[in-house]
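Student: Generate coordinates for the sequence data below:
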Amino acid sequence: MASRAVFLDRDGTIVEDPGFLHVPGKVKLLPGAASAIKQLNDRGFLVIIVTNQSGIARGLYTAEDYAAVQRRLAELLQKQGAHVDAAYFCPHHPLFTGPCDCRKPGSKLFREAQQALDIDFTRSWWVGDRLADVQPARILGGDGILVATGNGNLHQGQARAIGVMVVADLARAVDEILRPLGV
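Tutor: Predicted coordinates:
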């Protein structure tokens, strides 16, 4: 049977978003994020980060800087017993590199994850602080939850208008994901 996954945005959903995060020392987990991810790990969900990183296209930092931030995030999560199973990023921005299929809400990175990890989209969730983070759920067959952290407050009305649940943060999103499982 194919796996269930939770696709998480990174900046503003798991970690504080200072804007174009590229310095490992500035990575700060949002309250409750690590324990929420650990709950998903413990319940057998794959946890996959999919993030737009337009700062690379803008020349503000490099793919190596992005990788260093990811390593720091992994360290912080590991200290609390949590882990991410995979991470995908789009380094593009339409104004700088032209259109691409990997920039959210595009589905390319999600389909790559599906193929690599045998994911059943209909049993999966998309969680983030922007509409682009949760819109792929509608296209691919899963469910989306907008978190009010990061930029989420700016998108609540639009999310509700298209039938996307809005919750305070990642911990509340995980509560909703696990509720049907009796957790």
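
Student: what's the longest strand along the chain packed up against?
Tutor: Determined from DSSP state E, the single longest strand within the chain is strand 46-52. For strand 46-52, the packing partners by 3 or more CB pairs under 8 Å, 6 or more residues apart in numbering; DSSP states H and E come out as strand 5-8, helix 33-42, strand 86-90, helix 108-117. Where you see a C-beta, it was placed from the backbone N, CA and C, and this is true even at glycine.

Student: tell me the mean pLDDT over it?
Tutor: Taken as a whole, strand 46-52 carries a mean pLDDT of 98.

Student: which residues touch the helix or strand immediately after that strand in the chain?
Tutor: Counting by DSSP states H and E, the next helix or strand C-terminal to strand 46-52 is helix 54-57. Applying CB atoms under 8 Å, 6 or more residues apart in numbering, the contact partners of helix 54-57 are 20, 22, 61-63, 66, 90-93, 96-97, 103.

Student: residues of whichever helix or strand comes after helix 54-57 that come out buried?
Tutor: Using DSSP H and E, the helix or strand that follows helix 54-57 in sequence is helix 63-79. By neighbour count with 16 or more other CB atoms under 10 Å, helix 63-79 contains the buried residues D65, Y66, A68, V69, Q70, R72, L73, L76, L77.

Student: And stretch 1-15, by the same measure?
Tutor: Buried residues in stretch 1-15, defined by neighbour count with 16+ other CB under 10 Å: R4, A5, V6, F7, L8, D9, R10, D11, G12, T13, I14, V15.

Student: Check stretch 15-26 too.
Tutor: Buried-residue list, stretch 15-26, by 16+ other CB under 10 Å: V15, E16, D17, L21, H22, P24.

Student: re earlier: want to throw the buried residues of helix 63-79 into CSV with distance to S124 and pLDDT?
Tutor: What follows is the buried residues of helix 63-79, written out as CSV (distance: CB to CB, whole Å; pLDDT from 0 to 100):
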residue, distance to S124, pLDDT
D65, 29, 98
Y66, 24, 98
A68, 28, 98
V69, 25, 98
Q70, 21, 98
R72, 26, 98
L73, 21, 98
L76, 24, 98
L77, 20, 98
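
Student: Now tabulate these in JSON lines and tack on distance to P31.
Tutor: Formatted as JSON lines, those follow (distance: CB to CB, whole Å):
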{"residue": "D65", "distance to P31": "25"}
{"residue": "Y66", "distance to P31": "24"}
{"residue": "A68", "distance to P31": "24"}
{"residue": "V69", "distance to P31": "19"}
{"residue": "Q70", "distance to P31": "21"}
{"residue": "R72", "distance to P31": "18"}
{"residue": "L73", "distance to P31": "15"}
{"residue": "L76", "distance to P31": "13"}
{"residue": "L77", "distance to P31": "14"}
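
Student: measure A161 to L146 for me?
Tutor: Computed as CB to CB, to the nearest Å, the A161 to L146 distance reads 11 Å.
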